[in-house]
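J.: Attaching a predicted model along with its sequence, questions to come.
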Amino acid sequence: MTKRILSEIKRKLSKTDSPKDLETLWHNYLGKKGRIKELLGGLSKLPEKERRKKGPMIQRLQVEVTNLFKKQELKIKEKENKRKLEEEKEVLDYTIPKIGHLHPLTETTRELNSVFLSMGYSIMDGPEIETDEYCLKRLNVPDDHPARDMQDTIYIEQPDILLRTQTSSIEARLLQNYKPPFKVVSPGRVYRNEKVNRSNHFMFHQYQGVVVLPEASLKDLFGTFTAVFKKMYGEKVVVRYRNKYYPEVEPGVGPDMQCFSCKGKGCPICKGVGWIEMGGAGIIHPNVLKMAGIDPKKWKGFAFGLGLDRWAMAKYNIKDIRTLLGGSLAYKYYENESTL
C-alpha cells in the first residue's frame, strides 16, 4: 500500500510546476485530512500486531513524502527565479559603465594569495589586538630583549595587551595550535608608533608566510621568493638578498627589489639608495619551535613577512604610502595599470 501511494505521489509531483498546485497536492496527502494523516489516524483501530507492522511503514512514508515535497518546492522556486531573471534581462541596460574598482591593496593581496595557493599554501588569519606572549615572547623576544625598543609597540593595556606590530603573531599561534607539516600565508594589518612619510606609516600591512617541513633551507626560501617576485613583477625583476637580524629567525635575510620609481638611480622613495626593502625572512629559530612544542631536530622551517603596502606600491607605481590609507579617491582604474 505504501509503495503504491509513494509511486502515485512521485508521478503527480513530476507534473506539478506551480506553488499553488504544489500546495493543493500537499493538502491532499500531508494535510490534516490528507491520505497519509488518515492512514496514521486509522492505526488505532487495527489489532496490535498489525499496528506494530504498519505503523513504522506509514511513518517512513510520511518522512519520505515530506522530503519529496521539499525538493519539488526548491525546483519550482529555482525555475521561478530563472524566469524572473530572464524578464529582467529584457529591461536591464548593459550600456551603463562599470563604477568603482578594488583597492590596490586588495588587488595585491588577492594576487599574492593566488600565487601562494598555486604553490600549495593555505591562508590563515589572526587577531589584530594581541597579547605580549604571541606578538613578542613566542617569537624569541623576551622582556629584556632590545628588539622590543625597535618595534615601537602601541599598547592598549600595558604590559600585555597591544596592537600587533607584525603578522608574525599569527605564526606563533599557528606553531602552537597545529602539527606540522604545513605551508601557510597570512595577510593583515599591523601597527607601530612610527613617523609617517612617503614610505612609512603607523598602520600598514604585512604578508606573513610560514613553512615547517622535515627539511627546509635558505635555498628553498630563495627559490620561493624568486618565483613570487617573477610572478608579481615579471621575469626581468631585479632582486637582491642582504643579511639581516630578526630575533625569530637565524639566519635572517632581507629581500630588496630595485626601486620601481627610479630604476636604481636613487630617489625619495628609496631614500637615494636605488633599492626598496620588500620584507624580512629567515630560517625559524630553534627557540621559536621549542616554545611551540615542535622538536627542531625533526622539523625545519622558514618564515617571511612581506611589506604588503610596498608590494602594492611597486605593482601599481604608487609614489606615496600615505595615499593608500588616507581615504583618497584619486586611484583610477586603467586597463593595464593604476598609478598615482
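T.: Perfect, thanks for sending it.

J.: Isn't residue 62 up against residue 30?
T.: Yes. Between residue 62 and residue 30 there is a contact at 7.3 Å, judged by CB atoms under 8 Å. C-beta here means a position set from N, CA and C on the backbone, and glycine is covered the same way.

J.: for the chain, what's the longest helix?
T.: In the chain, with assignment by DSSP state H, the single longest helix is helix 48-89.

J.: next one: that one to chain centre, how far?
T.: When distances are taken as CA atoms, centre = their mean, to the nearest Å, helix 48-89 is centred 37 Å away from the chain's centroid.

J.: repeat for stretch 183-191
T.: So, by CA atoms, centre = their mean, the centroid of stretch 183-191 is 10 Å from its chain's centroid.

J.: Return the set of buried residues in that stretch.
T.: Residues 183, 184, 185, 186, 187, 188, 190, 191 are the ones in stretch 183-191 that count as buried (16 or more other CB atoms under 10 Å).

J.: Kindly report the same for stretch 46-66.
T.: So, applying 16+ other CB under 10 Å, buried residues of stretch 46-66: 54, 58, 61, 62, 65.

J.: Do I have it right that the first one meets residue 48?
T.: No. Residue 54 sits out of contact with residue 48 when judged by CB under 8 Å, with a separation of 11.1 Å.

J.: quick one: common contacting residues for residue 62 and residue 30?
T.: residue 36 (CB atoms under 8 Å, 6 or more residues apart in numbering).

J.: For the stretch 151-300 of the chain, give me the ranges with low pLDDT.
T.: Low-confidence segments of the stretch 151-300 of the chain (pLDDT under 70): 151, 199.

J.: Which helix or strand lies directly C-terminal to the helix or strand encompassing residue 5?
T.: In the assignment (DSSP states H and E), residue 5 maps to helix 2-14. Per DSSP H and E, the first helix or strand lying C-terminal to helix 2-14 is helix 19-30.

J.: Give me the pLDDT for residue 131.
T.: Predicted confidence (pLDDT) at residue 131: the value is 93.

J.: sorry, back to before: mind checking the pLDDT average for the longest helix of the chain?
T.: So the average pLDDT for helix 48-89 ends up being 85.

J.: Quick one: mean pLDDT for whatever helix or strand comes next after that helix?
T.: Toward the C-terminus, helix 48-89 is succeeded by helix 104-118 as the next helix or strand (DSSP H and E). For helix 104-118, mean pLDDT is 94.

J.: Check the offset of helix 104-118 from the chain's centre.
T.: Put simply, helix 104-118 sits 10 Å off its chain's centre (CA atoms, centre = their mean).

J.: now stretch 209-229
T.: 21 Å.

J.: and if you look at stretch 294-303?
T.: Worked out by CA atoms, centre = their mean, stretch 294-303 lies 25 Å from the chain centre.

J.: domain assignment for this structure?
T.: 2-89, 104-325 (automatic domain parsing).

J.: Point out the most buried one among those domains.
T.: Stretch with highest mean neighbour count among the domains of the chain: domain 104-325 (a mean of 18; mean count of other CB atoms under 10 Å).

J.: backbone phi and psi for the nearest residue to residue 216 once chain neighbours are set aside, please?
T.: Leaving aside its chain neighbours, residue 216 sits nearest to residue 300 (4.3 Å; criterion: CB to CB, 6 or more residues apart in numbering). Backbone torsions for residue 300, taken as degrees, to the nearest 10, come to phi -120, psi 160.

J.: separation between residue 300 and residue 209?
T.: Distance, residue 300 to residue 209, using CB to CB, to the nearest Å: 15 Å.

J.: Which residue is the nearest non-sequential neighbour of residue 40?
T.: Using CB to CB, 6+ apart and skipping the chain neighbours, the partner closest in space to residue 40 is residue 58 (5.7 Å).

J.: which residues sit in contact with the one you found?
T.: 2, 36, 39, 40, 43.

J.: same question, residue 54
T.: Residues near residue 54 by CB under 8 Å, 6+ apart: 43, 46.

J.: And it, how far from residue 20?
T.: Residue 54 sits at a distance of 33 Å from residue 20 (criterion: CB to CB).

J.: Would you point out which residue is most central in this protein?
T.: Nearest to the geometric centre of the chain sits residue 123, at 5.4 Å (CA atoms, centre = their mean).

J.: So what pairs up with that one in the strands?
T.: residue 185 (DSSP bridges).

J.: Pretty sure it sits against residue 188.
T.: No. In this structure residue 123 lies outside contact range of residue 188 using CB under 8 Å: 10.7 Å.
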